[in-house]
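J.: Here is my input, please return the structure:
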Amino acid sequence: MMDVSTFSNLGIPLSLVTQLGFYFVLGIYAVFTAILYYHWQSYGTDAKVTSLTYIVYLATTVPLLIVMGLMVLII
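T.: Numbering: from 1, shown residues only. Below is the predicted model of the structure:
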């Protein structure tokens, strides 16, 4: 019987796969945030709307990343 803490037949620990997946998503998030920041700074015309967009973006995505990180730590 296969141990549930390993991933497939390769014997890679599930915690390692989960952690690498989290780092991958975190990297994509950083790149996407940099692109969003660049475009809003370059093409945004209203400073108030731009700052509101940054606040809403961070207020919705940072808690999601924190929950993901906590889930990775639990696994």
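
J.: Quick check on G11: phi, psi?
T.: Per-residue torsions, G11: phi 80, psi 20 (degrees, to the nearest 10).

J.: Distance check, it against M71.
T.: Per Cβ to Cβ, to the nearest Å, G11 is found 23 Å from M71. The way it works is simple: take the backbone N, C-alpha and C, and place the C-beta from them, glycine included.

J.: who touches the residue most central in space within the chain in this structure?
T.: Computing the C-alpha centroid of the chain and ranking residues by Cα atoms, centre = their mean puts L26 first, at 3.6 Å. Contacts for L26 were tallied using Cβ atoms under 8 Å, 6 or more residues apart in numbering; they are L65.

J.: which SS class is it?
T.: Following DSSP: H, G, I helix; E, B strand; the rest coil, L26 is assigned to helix.

J.: where along the chain do the helices fall?
T.: For the chain, the helices defined by DSSP state H occupy 14-43, 47-74.

J.: Pipe these into TSV and attach mean pLDDT per row.
T.: Shown next, in TSV, are the helices of the chain (pLDDT from 0 to 100):
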stretch	mean pLDDT
helix 14-43	90
helix 47-74	90
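
J.: pLDDT score for N9?
T.: Per-residue pLDDT puts N9 at 68.

J.: One more: the one 4 residues further on?
T.: Reported pLDDT at P13 in the predicted model: 84.

J.: Around it, count how many other residues there are.
T.: Look at P13: counted by other Cβ atoms under 10 Å, it has 13 neighbours.

J.: Equivalent analysis for the one 5 residues further on, please.
T.: Applying other Cβ under 10 Å, we find 17 residues neighbouring T18.
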